[in-house]
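J.: Have a look; sequence and predicted model below, questions after that.
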Amino acid sequence: MTPLLPQPLAWSNGEALPWARSRRWEGLPALGSVAIQPVPHRVDEETLEARLERWLPREGIPDLRVRCRGSRLQPTWHGANGLYGFVGLPVRFVGTLVRPDTFTIEDPLGRYLPARLTLSLIDREAVAGSLRRLERPTLPENWRSLVHRLSLRPAPGAVRRPGSTGLWGEVRDAGDRPIPFALVQLQTRFRSAPATATTWSDASGGYALDLDGERSDPMATPEDVVEREGRLCLPLPPPAGASQPWLEHLPVLDRALVRGIATGVAPAGYGPPRASGTYFRFRDGPGGPLRDRVQLRIGRQQRWDLVLI
């Protein structure tokens, strides 16, 4: 088994980052400030218990733009483990409390919707001191809290795999105007178990949902059709005079928020969840018929708009 920490004991600062890159994904947290692992979203992450330990390796997403607000530091991409690692981010305090930092993730290639998360960094002064003394740093007991996995939702215009199941479309008001930043949730199934698929509409009102867990039967064909209900949460108007970059409006789609929508709890900054058929209806493309439930075809990518009534 490859030792986690390098040999010999004395080594230069210039060797630190190459060593971290060459090791398994524990290598970067041994030295860095924080590591973010963006991964494609999976429906089973929302409502089903994880079947694998969350720290097991998983395919990451290259070519993303990952930033820490208020810092010019650029992360290092570690292709072997899918991590974007920051080295040298300072821990900022408000009094004696650590001030949380906001990270934003954007995809210049348009494959995934942007996302943000807020983290409280851990003081790494002990590690920095070891490096300054040319000593081998000691792996902190809480190194796992330095690695943060973040699920990215698909962008409406992203290319889908042939034969995959999914929906895309726009969220529109009763006057047929697009509604940005709306939360969209669809009742679905994953490996025959009830589940939900949740996303938000982008700045143009577009949304997309990957639903590969849907199976009508073991011999499903593109002609198999299932009906599913949905829920919709609209963003509340910002306070008078408020002005924020649009990334700051992004909801953080963690498991608590997703479950709250499913049980009728309004997320912060949003109105209450509304069910399809009573508040909005599914429209089969521009000018198509309105339905209380979406008619989902297995193995197809379909356009269904969500229109307020």
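T.: In hand now; what should we look at? Numbering: from 1, shown residues only.

J.: When you work out contacts or count neighbours from here on, use the C-alpha atoms and nothing else.
T.: Fine.

J.: Return the list of helices and strands in contact with the helix or strand hosting residue 67.
T.: Using DSSP states H and E, residue 67 maps to strand 65-68. When contacts are defined as 3 or more Cα pairs under 8 Å, 6 or more residues apart in numbering; DSSP states H and E, strand 65-68 sits against strand 101-106.

J.: got the CA positions of the strand holding residue 67 in PDB?
T.: Coordinates of each C-alpha in strand 65-68 appear next as PDB, following Å, rounded to 0.1, in the frame of the first residue of the first chain:
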ATOM      1  CA  ARG A  65     -14.400  27.600 -13.400                       C
ATOM      2  CA  VAL A  66     -14.200  27.300  -9.600                       C
ATOM      3  CA  ARG A  67     -13.700  30.500  -7.700                       C
ATOM      4  CA  CYS A  68     -13.600  31.600  -4.000                       C
END
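
J.: which residues does residue 38 bridge with?
T.: residue 150 (DSSP bridges).

J.: Next: residue 77.
T.: Residues in beta-bridge contact with residue 77 (DSSP bridges): residue 84.

J.: which residues does it contact?
T.: Residues near residue 77 by Cα atoms under 8 Å, 6 or more residues apart in numbering: 62, 83-85.

J.: which parts of stretch 149-162 are buried?
T.: 149-156 (16 or more other Cα atoms under 10 Å).

J.: Run the chain-centre distance for it.
T.: 10 Å (Cα atoms, centre = their mean, to the nearest Å).

J.: Point out where the stretch 1-150 of the chain drops to low pLDDT.
T.: 1-32, 45-58, 96, 123-145 (pLDDT under 70).

J.: can you rerun that using 80?
T.: Residue ranges of the stretch 1-150 of the chain with pLDDT under 80: 1-33, 43-59, 80-81, 87-99, 121-147.

J.: where exactly do the helices run in it?
T.: Using DSSP state H, counting those that start in this stretch, the helices of the stretch 1-150 of the chain run over 13-22, 27-31, 44-47, 125-132.

J.: For residue 275, give its distance to residue 255.
T.: 20 Å (Cα to Cα, to the nearest Å).

J.: which parts of stretch 71-81 are buried?
T.: 75-78, 81.

J.: Hmm, residue 183 and residue 233 touching each other?
T.: Yes. Contact status for residue 233 versus residue 183: in contact at 5.0 Å, counting by Cα atoms under 8 Å.

J.: which of these two has more neighbours?
T.: More crowded of residue 233 and residue 183, by other Cα atoms under 10 Å: residue 183, with 26 against 23.

J.: okay, the more buried one: pLDDT?
T.: Note on residue 183: pLDDT of 95.
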